[in-house]
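Chemist: Following is a predicted model, sequence given first.
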Amino acid sequence: MFITTLSLFSFSDMDLDTGKLNIPYADKMTHFVFYMVFTFLGCFFVRERTRGHLKLGKTIVYVLLSAIGYGILIEVLQYTLTDDRMAELGDVFANSLGAFVGIGLVQWLFSKKRPLKWKF
């Protein structure tokens with residue numbers, strides 16, 4: 001809900017003082033971080049909902065495909081439903097890259113070199 005609200009809500013009516021700080025590609029970095037966290041936490045959510053019965057590999061595939069599909073859906077909704085939000089292919093790439101990095105973090109945490117276990 002958080003990502004959906006931020007993606008579809010218009011902030012143009014608000015008087016947000018951004019100051020003089022201008023960070024190039026800050027919006028792409030935000031997309032990257034949101035989707036990295038989305039997939040990282042998504043894996044744990046799926047683990048808890050399935051009570052640990054779904055293998056790590058299947059969980060990763062489901063969460064990764066869901067995150068990428070969701071990112072594409074949000075961009076399509078921005079294009080079709082909003083007047084002041086822009087759908088950008090760069091956002092889809094940033095979302096997807098963040099999703100892959102989030103999945104990579106999960107794989108790294110639960111690799112054989114790390115002490116964390118996927119099952120209870």
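Modeler: Here it is on my side, so go on. Numbering: from 1, shown residues only.
Chemist: give me the element the most centrally placed residue in the chain is part of.
Modeler: By CA atoms, centre = their mean, the chain has its centre lying nearest to Tyr35, at 1.5 Å. Using DSSP states H and E, Tyr35 sits in helix 26-49.
Chemist: For that helix, name the packing helices and strands.
Modeler: helix 2-8, helix 56-81, helix 89-109 (3 or more CB pairs under 8 Å, 6 or more residues apart in numbering; DSSP states H and E). Every residue, glycine included, has its C-beta placed from N, CA and C.
Chemist: Quick one: closest of those to Asp27.
Modeler: Distance to Asp27, taken as CB to CB, is lowest for helix 89-109 among these, at 7.5 Å.
Chemist: what's that closest one packed up against?
Modeler: For helix 89-109, the packing partners by 3+ CB pairs under 8 Å, 6+ apart are helix 26-49, helix 56-81.
Chemist: Need the winner for burial among these.
Modeler: Across the helices and strands packed on helix 89-109, averaging neighbours per residue (mean count of other CB atoms under 10 Å) puts helix 26-49 on top, at a mean of 18.
Chemist: And for that one, what's in contact with it?
Modeler: Outside of helix 26-49, the residues within contact range by CB atoms under 8 Å, 6 or more residues apart in numbering are 3, 6, 23, 54, 56, 59-60, 62-64, 66-67, 70-71, 90-91, 94-103, 105-106, 118.
Chemist: Who are the contact partners of Thr80?
Modeler: Per CB under 8 Å, 6+ apart, neighbours of Thr80: none.
Chemist: Please repeat the previous calculation with a cut-off of 10 Å.
Modeler: Ala87 (CB atoms under 10 Å, 6 or more residues apart in numbering).
Chemist: Give me the pLDDT for it.
Modeler: Thr80 is assigned 86 on the pLDDT scale.
Chemist: State the distance from it to Ile74.
Modeler: Distance, Thr80 to Ile74, by CB to CB, to the nearest Å: 11 Å.
Chemist: Please apply the same query to Ala87.
Modeler: Distance from Ala87 to Ile74, by CB to CB: 9 Å.
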